[in-house]
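Asker: My questions are about this predicted structure, shown below with the sequence.
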Amino acid sequence: MLLHKKKSTLNRLGALILASLSHRCLLLIFPLVFCAGCQTIPLAMTGNELDKNVELLAADDLEMPVEKPTEPDGSPTFGGQNDLAVQRAASMPPKELSKVILPEYRIEPPDILILQAIRMVPKTPYFIEPLDGLQVVVSGTLPDQPIAGVFFVEANGTINIGPAYGSVKVMGLSIQEAEIRIMDHLKRTLQFPQVGVSLVQSAAQQQIAGEHLVGPDGMINLGVYGKVLVTGLTLDEARQRVEQRLEKYLDRPQVSLDVYAYNSKAYYVITEGAGLAEQVNKFPITGNETVLDAVAQIGGITRISSKKMWIARPSPYGNVDQVLPVDWVAITKGGNPGTNYQLLPNDRLFIAEDRLVATDTYISKLTAPIERIFGGSLLGAQTIQTMQRFPKGNYIR
C-alpha cells in the first residue's frame, strides 16, 4: 500500500513538471515561430540605403556594356579607387547579364606564379657548373664510337664522353678551355681529333623555370639569382622586374610569366548554422562568378538554411558597406537575373538560417540537460522499485 502511494506521488510530480516545461516551451515557440516568417534585414541596411536596395531589387535589369577601364588620357588604368570597374560596381552592381571587367590582376601572397625561360644565355666568360648541358661534337673518332650529342656535367664536375674515351673534368672552365681540355684528353686515344663545345642548357635555368609561390614577404625565389619583389605588380610589371634581376647574370634574358593559382583574390560564402556552427567557404575569384555559381560551389542550400540571402560588399571608399538583397526564388524558379549579382573580390554571400530549424535547435539545447536529469532519475527510481519487488533477483510467476 505504501509503495503504491509513493508511486502515485512520483507520477503526479512528474506530470506537474512536464506540464510546466510544456507551458514554458510554448511561450518560447510562439514568438520565434511568429518571427520565422519575418524578413531578415541586415543591421547595416537602414534608412536611405534600405530604400535604395529595395528599388534596386524591384528595378529591371539594365544593360551595361563591357569595356576596358581607361584613364582620362585613354591609357588603361588598373587597381585603386579610380578604377572604372570599381566605380561602376559601387554605383550599379553588375549582374548576370551586365557583368564588368575586373581590373588587371595584381600579384599578392599567396599567389603561385609559373615562370618559363625563353632566353637564358650566360654572360661571357661563362664557367661551367655541375648539371650544365654541353653540346660536344668531335671529328676523327673511332668508327664504331662517335662523339656527338649533349653531355651533362656530373656532380663531380666531369662529363663522360664514351666507354672508349672515359671522363673529362670540365667544371670551372670556360667553353674554350673545355674544348682544349677535351682535345688533350682524346689525343691519348685518337690521332687528330677536332672538338667543338657549346653550352645548350645552364643549371641556373633549371632553378628559374617552374612554379614560384609568392611568400609572405611578397617575393619569389629565383634560386642562385636571389629574390624578386612582385607584390602589387601586374604580370607585365613582374616579368620586367624578373628580367631586370637576371640581367646582372645573363645576357639579355627573356622570360614568360603567368599566374598558376589565383590564391589572393577570393569571395566567401557564409552559411548561418541555425544554432549550430556557421560554415565559411572561401573560393578563388575568376571574374565571372555570380550568386548562382557561388551557391553551386557549396552544393546548394542545405536543410538548415532559408532562402533569404544577401551580398555584403566592402565599400571601395572604406566608410559605408553595400548590402545587396538576393531574391533566390526569382533567380531559380523565375530565371530572373535581376539579383543574380556578379561577385567581386572580397564579397561575402551570407545565407540566413531557417528560423524553424533554429528554434528547434534552441529548444533542444534548452531541454536536453533537463531530459538527461529526468532520464537518470526515472532510471534510478525504476531500479529501486525492481530491487524492492525482487530482493533476491528472482521473478515470481
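Answerer: Cool, the structure landed.
Asker: Going by C-alpha atoms from here, please, whenever you check contacts or count neighbours.
Answerer: OK.
Asker: where exactly do the helices run in the stretch 251-397 of the chain?
Answerer: Per DSSP state H, counting those that start in this stretch, the stretch 251-397 of the chain carries helices over the ranges 291-297, 328-332, 355-389.
Asker: Which stretch among these approaches residue 183 most closely?
Answerer: helix 291-297 (65.3 Å; CA to CA).
Asker: So which residues make contact with the closest one?
Answerer: 269, 301, 331, 340-343, 349 (CA atoms under 8 Å, 6 or more residues apart in numbering).
Asker: do the same with stretch 138-158
Answerer: By CA under 8 Å, 6+ apart, stretch 138-158 touches 129-137, 159-162, 164, 167-171, 190-196, 200.
Asker: are any of those buried, and which?
Answerer: Burial by neighbour count, 16 or more other CA atoms under 10 Å: within the contacts of stretch 138-158 this picks out 129-137, 159, 161, 168-171, 190, 193-196.
Asker: quick one: which of the residues you listed sit in strands?
Answerer: 133-137, 159, 168-169, 194-196 (DSSP state E).
Asker: from these, which single one is nearest residue 212?
Answerer: For those, the nearest to residue 212 is residue 133 (23.6 Å; CA to CA).
Asker: Who does the closest one form a beta bridge with?
Answerer: Residue 133 has these beta-bridge partners by DSSP bridges: residue 152, residue 201.
Asker: So it is in contact with residue 197, correct?
Answerer: No. The pair residue 133 / residue 197 is not scored as a contact, 10.3 Å apart, by CA atoms under 8 Å.
Asker: Between the two ends of stretch 95-104, how far is it?
Answerer: By CA to CA, to the nearest Å, the extent of stretch 95-104 from end to end equals 20 Å.
Asker: per-residue confidence at residue 28?
Answerer: Listed pLDDT for residue 28 reads 47.
Asker: now do residue 13
Answerer: 48.
Asker: Out of the helices of the stretch 251-397 of the chain, which is the most enclosed?
Answerer: The highest mean neighbour count among the helices of the stretch 251-397 of the chain, using mean count of other CA atoms under 10 Å, belongs to helix 291-297: a mean of 16.
Asker: between the contacts of helix 291-297, which has the most around it?
Answerer: residue 343 (29 neighbours; other CA atoms under 10 Å).
Asker: Correct me if wrong: it contacts residue 268.
Answerer: No. Under the criterion of CA under 8 Å, residue 343 is not in contact with residue 268, lying 9.6 Å apart.
Asker: Can I take it that residue 150 is in a helix?
Answerer: No. Residue 150 sits outside any helix when classified using DSSP: H, G, I helix; E, B strand; the rest coil, being strand.
Asker: Let me know the pLDDT of it.
Answerer: Looking at residue 150, the pLDDT reads 94.
Asker: do residue 273 as well
Answerer: Looking at residue 273, its pLDDT is 88.
Asker: Which residues are in contact with it?
Answerer: Residue 273 touches 279, 304-305, 353, counting by CA under 8 Å, 6+ apart.
Asker: If we only consider these, which is nearest to residue 381?
Answerer: residue 304 (38.3 Å).
Asker: Check the gap between that closest one and residue 324 for me.
Answerer: Here residue 304 is placed at a distance of 22 Å from residue 324 (CA to CA).
Asker: So those two - more neighbours on which side?
Answerer: Each of residue 304 and residue 324 has its neighbours counted (other CA under 10 Å); residue 324 has more, 23 against 18.
Asker: Let me see the contact set for that one.
Answerer: So residue 324 contacts 53, 310-313 (CA under 8 Å, 6+ apart).
Asker: ok, it to residue 203 distance?
Answerer: From residue 324 to residue 203 the distance is 54 Å (CA to CA).
Asker: Could you find the closest non-adjacent residue to residue 190?
Answerer: Leaving aside its chain neighbours, residue 190 sits nearest to residue 141 (6.6 Å; criterion: CA to CA, 6 or more residues apart in numbering).
Asker: How many residues are close by that neighbour?
Answerer: Around residue 141 there are 18 residues (other CA under 10 Å).
Asker: For it, identify the helix or strand it belongs to.
Answerer: strand 133-142 (DSSP states H and E).
Asker: hang on, the earlier thing: want to throw the helices of the stretch 251-397 of the chain into TSV with mean pLDDT?
Answerer: Below are these laid out as TSV (pLDDT from 0 to 100):
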stretch	mean pLDDT
helix 291-297	95
helix 328-332	95
helix 355-389	81
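Asker: Take the ones you listed and write them to CSV, including distance to residue 185.
Answerer: Output for the helices of the stretch 251-397 of the chain, formatted as CSV (distance: least, CA to CA, whole Å):
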stretch, distance to residue 185
helix 291-297, 66
helix 328-332, 79
helix 355-389, 85
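Asker: Nearest to residue 213, out of those?
Answerer: helix 291-297 (25.5 Å).
Asker: Quick one: distance of the closest one to the chain centre.
Answerer: 15 Å (CA atoms, centre = their mean, to the nearest Å).
Asker: Ok, stretch 93-107 next?
Answerer: For stretch 93-107, the distance to the chain centre is 19 Å (CA atoms, centre = their mean).
Asker: Which positions within it qualify as buried?
Answerer: 93-100, 102-103, 106-107.
Asker: Now render these as JSON lines, adding distance to residue 208, secondary structure and pLDDT.
Answerer: Conversion of the buried residues of stretch 93-107 to JSON lines gives the following (distance: CA to CA, whole Å; DSSP: H, G, I helix; E, B strand; the rest coil; pLDDT from 0 to 100):
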{"residue": "93", "distance to residue 208": "42", "secondary structure": "coil", "pLDDT": "88"}
{"residue": "94", "distance to residue 208": "40", "secondary structure": "coil", "pLDDT": "92"}
{"residue": "95", "distance to residue 208": "41", "secondary structure": "strand", "pLDDT": "92"}
{"residue": "96", "distance to residue 208": "41", "secondary structure": "coil", "pLDDT": "92"}
{"residue": "97", "distance to residue 208": "42", "secondary structure": "coil", "pLDDT": "92"}
{"residue": "98", "distance to residue 208": "41", "secondary structure": "strand", "pLDDT": "91"}
{"residue": "99", "distance to residue 208": "38", "secondary structure": "coil", "pLDDT": "91"}
{"residue": "100", "distance to residue 208": "36", "secondary structure": "coil", "pLDDT": "91"}
{"residue": "102", "distance to residue 208": "30", "secondary structure": "coil", "pLDDT": "88"}
{"residue": "103", "distance to residue 208": "28", "secondary structure": "coil", "pLDDT": "88"}
{"residue": "106", "distance to residue 208": "21", "secondary structure": "coil", "pLDDT": "94"}
{"residue": "107", "distance to residue 208": "18", "secondary structure": "coil", "pLDDT": "96"}
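Asker: Right, I'll call it a day here.
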